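In: here you go, sequence then predicted model.
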Amino acid sequence: MELIAICLTALVIGFLLIGNSPIQMPPEAWGYALATVFFTVIGGASFFGQIIHTALPEL
């Protein structure tokens, strides 16, 4: 689920950077978009880290 969210967010930001999107972001919205990507990546890493720690507690 986290991977899908990361891919969709990257795709949307990619379209916005290229300029082929009908959505035009104001400059302050870029900060919110980048923060969303950052917290999604950190949340995904934490989620998978918990799975790995549960499966392999000796690490």
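Out: Here it is on my side, so go on.

In: and stretch 42-59, what's its mean pLDDT?
Out: In this model, stretch 42-59 has an average pLDDT of 74.

In: off-centre distance for it?
Out: Put simply, stretch 42-59 sits 18 Å off its chain's centre (Cα atoms, centre = their mean, to the nearest Å).

In: what's the answer for stretch 33-47, then?
Out: How far stretch 33-47 lies from its chain's middle: 5 Å, per Cα atoms, centre = their mean.

In: alpha carbons only: can I get it in CSV?
Out: In CSV, the C-alpha atoms belonging to stretch 33-47 read as follows (Å, rounded to 0.1, in the frame of the first residue of the first chain):
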residue,chain,number,x,y,z
ALA,A,33,3.9,18.3,-1.9
LEU,A,34,7.5,17.7,-1.0
ALA,A,35,6.6,17.3,2.7
THR,A,36,3.9,14.8,1.8
VAL,A,37,6.4,12.7,-0.3
PHE,A,38,9.0,12.9,2.6
PHE,A,39,6.5,11.7,5.2
THR,A,40,5.1,9.0,2.9
VAL,A,41,8.6,7.6,2.3
ILE,A,42,9.5,7.8,6.0
GLY,A,43,6.2,6.1,6.9
GLY,A,44,6.7,3.4,4.3
ALA,A,45,10.3,2.8,5.6
SER,A,46,9.0,2.6,9.2
PHE,A,47,6.2,0.2,8.2
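
In: which parts of that stretch are buried?
Out: The neighbour-count check on stretch 33-47 (16 or more other Cβ atoms under 10 Å) flags 37, 40, 44 as buried. C-beta: built from backbone N, CA, C; applies to glycine.

In: how many other residues sit next to A55?
Out: By other Cβ atoms under 10 Å, the residues close to A55 number 8.

In: show me the contacts for it.
Out: Contact analysis of A55 by Cβ atoms under 8 Å, 6 or more residues apart in numbering lists nothing.

In: that one and L34, how far apart?
Out: Distance of A55 to L34, given as Cβ to Cβ, to the nearest Å: 32 Å.
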